[in-house]
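[1] Fold the following, please.
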Amino acid sequence: MKSTSVFPLLFVLLALACAEAVAASGASRPNIVIIYADDLGWGDLGCYGNPVIRTPNLDRMAAEGMRFTDFYSAAEVCTPSRAALLTGRYPVRSGMCHDQFRVLRSNAAGGLPKEEVTLPELLKQRGYATGMVGKWHLGHLPEHLPLHHGFDSYFGLPFSNDMLPAPGAPKGRDKFYEEKNDYWRTPLIRGTEVLEAHPDQRQLTRRYTEEAVRFIGEKKSGPFFLYLAHTFPHVPLFASERFRGKSPAGVYGDVIEELDWSVGEVMGALRAGGLEKNTLVIFSSDNGPWLIFNHHGGSAGPLREGKGSTWEGGMRVPGIAWWPGRVPAGVVQHEVATTMDVFATCAKLAGATLPADRTIDGVDIAPLLFGMGAVERGAFFYYRGSTLYAARLGHWKAHFITRSGYGPDKPEPHEPPLLHHLGEDPGERFDRSAANPAVLARIDEAVARHRAGLQPAPSQLVETVAQKN
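    This next block holds a predicted model:
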C-alpha cells in the first residue's frame, strides 16, 4: 500500500515541473497588441451604433470579444492621453499636460520624462520584443523618441499629421478640407532617423499595417508587444486609392473603413501565425472626435461634446478587447475601464512587477476581461490640462468646471457641482445635484483623497526649440 501511494505524489511533482517549464518557455506570457486610433469618436463604429460607416473587422472583434460601453481615455487630447496609456498614470503626474498648450507642438523641447516607467520597459524585463508603429507625440527630439522608452523598433510620425504645414498652405480651419498632401511636412521616422521628410499621407495606414504585420511575423515565436498607433482620423484626412471615395459617409468614412481593414490585416496575421489563443488585442482611441471639423470630425453618438472637453464625448471612447478562449465572446461590458488600466493589466499578465516608488492610477481589469467579476475602483478623474474638471464615482459624475472642447467660451465653475447619472443620462442633459447632496459629498471625499496624494510634475509642454522649417 505504501509503495502505490508514491505514484500520486510523483504525478503531482511531474505536473508542477511541467508547469514550471511552460512558464519558463514564455508560453504563459501572452503577446499583447494595442491598436490606437487618433480622434475616433464613441459613435464612429458599426458595433457602437454607427448606421453608415462599415467596420466589419472591428464588429467581428467585438462579437468575438468584449466591447466596453464606459471606456475612458485619461485625457481629452492626444499628448497627455498617450502618456497615460503607456505609464498607467494621470498625465498631471508626469508633466505631460498643460492648461494652455494642451499638446506637444512641433517645436517642443520636452517629452515623456525618462524617469517615467513605460509598459514596454516593464515587458522587456519579462523577455518581450517590443515594437511601435504610428503616431508617437510624446516628444520629437531623438532623446524622446520610442527607442528611449522601451521600444526595440519604431516606424511612424513623431507628432500629429497637421503639424509642420508647408509654406503657402492655407490657414485656418479650411486648410483641413484641401486634402492636398503637398501641404504637409510631418516627417516619417524609422528608429531615430528621418526616413522621409514628406511622406505621402494617403499611404500611411497601408504602410503602418504592413509594418505591423511584418513585426508579428518576425516576432511570432514571442512573447511580443506591438503598439500600433494610427495617425487617423485626425485631420487632415487621407485614404489610399483603394478606399478613397468608397464610403457612403464621405472622406471620414473612407478613413475609418481603411482603419477597419488594417485591424482585419493585423488579426489575420495573428490567426495565420497560430497566435490568436495567446494574444490579447485591445482597440481604443486617444480621445473623442474633433467636432469643430464638422463632417471631417466624426461622432460621439449620444454623448455630449467631443475632443478637448471633459464632457463624456471628449473622453469616453471605443474600447474592445479580444483574446479567444480567455475573453468571453459577445460580451458588452458596462463597468468603467480606462486606458490607464491597460498598463496595470498587461504588466500583471506578463508577470511584471509594477513600480512601487510611484502612484499607478490604472487597475488590473483582468477579472472584467475574463468574466470573473467586477474590480475594486475608486473615482475616475477628468482633467483638462492640469486642472481637474470633473469626477465619476459609480454611475454619478460631478462637473466642477465645464467648457466646450474648442471655442471662445471660458471655463465655467459650478458650485454646487453639476451632477449627472450617466447610467440614465449619458448625454449629460439633466443636473440632479439638488436632490443628491449625499452623492456630491462622497465625490468630494474621493477628490480630496486624490488631491492629498497628488504631486504634479512640471509641464513638459512649454519649453520650445527653434523651428527648423
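[2] alpha carbons only for contacts and neighbour counts from here, please
    Fine.
[3] Could you identify the helix or strand that succeeds the lengthiest strand in the chain?
    In the chain, ranked by residue count with DSSP state E as the criterion, the top strand is strand 412-421. Sequence-wise, the next helix or strand beyond strand 412-421 is helix 437-452, with elements assigned using DSSP states H and E.
[4] Just the buried positions in that next one, please.
    439, 440, 443, 446, 447 (16 or more other CA atoms under 10 Å).
[5] Confidence-wise, which helix or strand of this structure is lowest on average?
    helix 6-25 (a mean of 40; mean pLDDT, DSSP states H and E).
[6] Who does the helix or strand where residue 34 lies pair with, and is each partner parallel or antiparallel?
    Here residue 34 sits within strand 31-37, counting by DSSP H and E. When pairs are called by DSSP bridges, strand 31-37 turns out to pair with strand 224-229 (parallel), strand 279-285 (parallel).
[7] quick one: pLDDT of the closest residue to residue 166 other than its chain neighbours?
    Leaving aside its chain neighbours, residue 166 sits nearest to residue 183 (4.9 Å; criterion: CA to CA, 6 or more residues apart in numbering). With respect to pLDDT, residue 183 scores 86.
[8] re earlier: any idea which of the buried residues of helix 437-452 is closest to residue 89?
    residue 447 (16.0 Å; CA to CA).
[9] Skipping its backbone neighbours, what lies nearest that closest one in space?
    Nearest non-adjacent residue to residue 447, counting by CA to CA, 6+ apart: residue 391, 7.5 Å away.
[10] For the helix or strand where that neighbour lies, what is the distance to the chain centroid?
    For residue 391, the host element (DSSP H and E) is strand 387-393. Computed by CA atoms, centre = their mean, to the nearest Å, the chain-centroid distance of strand 387-393 equals 19 Å.
[11] Also stretch 318-332?
    Distance, centroid of stretch 318-332 to centroid of chain: 17 Å (CA atoms, centre = their mean).
[12] Mind checking what secondary structure the closest residue in space to residue 243 that isn't next to it in sequence has?
    Leaving out its chain neighbours, the residue that sits closest to residue 243 by CA to CA, 6+ apart is residue 254, at 5.5 Å. Three-state assignment for residue 254 (DSSP: H, G, I helix; E, B strand; the rest coil): helix.
[13] coming back round to it: tell me the pLDDT at the residue nearest to residue 447?
    On pLDDT, residue 391 comes in at 99.
[14] who's it bridged to?
    residue 381, residue 398.
[15] Look up how far residue 368 lies from the residue nearest to residue 156 when sequence neighbours are not counted.
    Distances taken as CA to CA, 6+ apart place residue 134 nearest to residue 156, at 4.1 Å, with adjacent residues excluded. Applying CA to CA, to the nearest Å, the value for residue 134 to residue 368 is 29 Å.
[16] now residue 417
    Applying CA to CA to residue 417 and residue 368 gives a distance of 31 Å.
[17] do residue 465 as well
    45 Å.
[18] for the protein, what are the low-confidence residue spans?
    1-27, 170-179, 466-469 (pLDDT under 70).
[19] quick one, helices of it?
    6-25, 56-64, 78-87, 91-94, 119-124, 204-218, 250-272, 312-315, 339-350, 366-369, 437-452 (DSSP state H).
[20] so which of those is the most packed in?
    helix 312-315 (a mean of 31; mean count of other CA atoms under 10 Å).
[21] contacting residues around that helix?
    Helix 312-315 has contacts (CA atoms under 8 Å, 6 or more residues apart in numbering) with 41-42, 72-76, 287-289, 300, 303-309, 382, 405, 426-428.
[22] how does this protein divide into domains?
    Listed by automatic domain parsing, the domain ranges of the chain are 29-369, 380-452.
[23] Would you mind writing the CA trace of stretch 388-408 as CSV?
    Extracted C-alpha coordinates of stretch 388-408, given in CSV (Å, rounded to 0.1, in the frame of the first residue of the first chain):
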residue,chain,number,x,y,z
LEU,A,388,-9.5,68.8,-12.5
TYR,A,389,-12.8,69.5,-14.2
ALA,A,390,-15.0,66.5,-13.2
ALA,A,391,-15.1,63.2,-11.3
ARG,A,392,-17.1,60.0,-11.8
LEU,A,393,-17.9,57.6,-8.9
GLY,A,394,-20.1,54.7,-10.0
HIS,A,395,-22.8,56.0,-12.3
TRP,A,396,-22.6,59.5,-10.9
LYS,A,397,-20.5,62.3,-12.5
ALA,A,398,-19.9,65.7,-10.9
HIS,A,399,-18.7,68.7,-13.0
PHE,A,400,-16.8,71.2,-11.0
ILE,A,401,-15.9,73.2,-14.2
THR,A,402,-17.3,73.0,-17.7
ARG,A,403,-16.4,74.4,-21.1
SER,A,404,-16.6,73.3,-24.7
GLY,A,405,-13.6,71.5,-26.3
TYR,A,406,-12.8,74.3,-28.6
GLY,A,407,-14.3,77.7,-28.9
PRO,A,408,-14.4,81.2,-27.4
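[24] what about that stretch, distance to the chain center?
    20 Å.
[25] and what of stretch 372-391?
    From the chain centre to the centre of stretch 372-391 is a distance of 15 Å (CA atoms, centre = their mean).
[26] what does stretch 290-297 give?
    Its chain's average C-alpha position is 20 Å from that of stretch 290-297, according to CA atoms, centre = their mean.
[27] again, but for stretch 239-246
    Mean-position distance between stretch 239-246 and its chain equals 25 Å (CA atoms, centre = their mean).
[28] And stretch 210-228, by the same measure?
    19 Å.
[29] I would like the residues contacting that stretch, please.
    In this structure, residues lying in contact with stretch 210-228 by CA under 8 Å, 6+ apart are 26-27, 29-36, 120, 123, 127-134, 155, 208, 265-266, 269-270, 273, 275.
[30] from these, which would you call buried?
    Judged by 16+ other CA under 10 Å, buried ones among the contacts of stretch 210-228: 26, 29-36, 120, 123, 128-134, 155, 208, 265-266, 269-270, 275.
[31] mind listing what residue 192 touches?
    Counting by CA under 8 Å, 6+ apart, residue 192 has contacts 142, 145, 147, 154.
[32] make it 7 Å
    For residue 192, the contact set (CA atoms under 7 Å, 6 or more residues apart in numbering) comprises 142, 145.
[33] Likewise for the one 3 residues further on?
    With contact taken as CA under 7 Å, 6+ apart, residue 195 is in contact with 188, 189.
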